[in-house]
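Peer 1: here is my input; please provide its structure:
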Amino acid sequence: MARTLPSGTIPFECRSPAALSLSCFSLIFPCDGGCTMANGGAKERAAMVLRISGLPDGEQPIEFEVDATELDLPRFEGPIRVSGTLRKVSTQVFVQGEVNGTFTGECDRCLAVLNRSVVAPLNVFFQVSQDARDVADDDPGVQLLLPDQDKIVLDDEVRQVLMLEVPLKVLCVDDCAGICAGCGVNLNSEKCQCEGPPVDPRWAKLADLYKKDENN
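Peer 2: This is a model prediction of the structure:
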């Protein structure tokens, strides 16, 4: 069933032509099975593409949903949702909003499978110019758009803001007790059956080395 966006919403192009109603906004055009973008002569498929050709100055709401696999996000599952606004002022285009997704993985201490909602801010600034020198080298937040470009691709920006929200060390809870290095039980839900006090999993490797030294 075709999905109709709220009145005035600027829709993204998508890989599924049935995902959006063609009547919801005059600037949309369908992607038959995928959006193909040119990149230095090569062809790349894009999941989140917003057409800006003929877009008047002003602010419009934007809204989009795509599966995590479309963005090559291996640590995320299910839909990735983008909502916010696009504001065009002369030769400048601002995209602001938030990205929502579900991170899935294992706890680094107890190996429990976890699913965690992730909300990330999205702020992208585009400058339309024929000369790359108009974009300051020391401002990586500004991206150059050539005058003949009629599309904005947000795949990389959405992917990056989500990955930045994933901590280097993933824990099911902050005080996760981990797994007993002796008997292997999950200390969050079971009582260790080993003799003596349970070994802190962070020191388990050192304890193993100590035992080897004692046996030599």
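
Peer 1: now G184, what's its secondary structure?
Peer 2: The assignment at G184 comes out as coil when based on DSSP: H, G, I helix; E, B strand; the rest coil.

Peer 1: ok, the nearest residue to E70 once chain neighbours are set aside to L187 distance?
Peer 2: Leaving aside its sequence neighbours, E70 sits nearest to A47 (Cβ to Cβ, 6 or more residues apart in numbering; 3.8 Å). (Glycine included, C-beta is placed from N, CA and C.) Distance, A47 to L187, by Cβ to Cβ, to the nearest Å: 41 Å.

Peer 1: and for S53?
Peer 2: Taken as Cβ to Cβ, the span from S53 to L187 is 59 Å.

Peer 1: these two: which has the busier surroundings?
Peer 2: The neighbour comparison of S53 against L187 (other Cβ atoms under 10 Å) goes to L187, with 19 against 10.

Peer 1: now the more buried one: phi and psi?
Peer 2: Dihedral pair for L187: phi -70, psi -10, per degrees, to the nearest 10.

Peer 1: wait, G78 touches T102, no?
Peer 2: Yes - here G78 lies in contact with T102, judged by Cβ atoms under 8 Å, at a distance of 5.0 Å.

Peer 1: which neighbours do these two share?
Peer 2: Residues touching both G78 and T102 by Cβ atoms under 8 Å, 6 or more residues apart in numbering: A68.

Peer 1: neighbours around the residue nearest to E70, how many?
Peer 2: 25.

Peer 1: distance of it from A177?
Peer 2: Relative to A177, and taking Cβ to Cβ, A47 is found at 40 Å.

Peer 1: the residue nearest to E70 contacts E65, doesn't it?
Peer 2: No - using Cβ under 8 Å as the test, A47 is too far from E65 to be in contact (10.5 Å).

Peer 1: low pLDDT regions in the protein?
Peer 2: Along the chain, segments meeting pLDDT under 70 span 1-46, 130-141, 195-216.

Peer 1: same thing but 80
Peer 2: Low-confidence segments of the chain, defined by pLDDT under 80: 1-48, 52-55, 128-150, 193, 195-216.

Peer 1: thanks a lot, see you next time.
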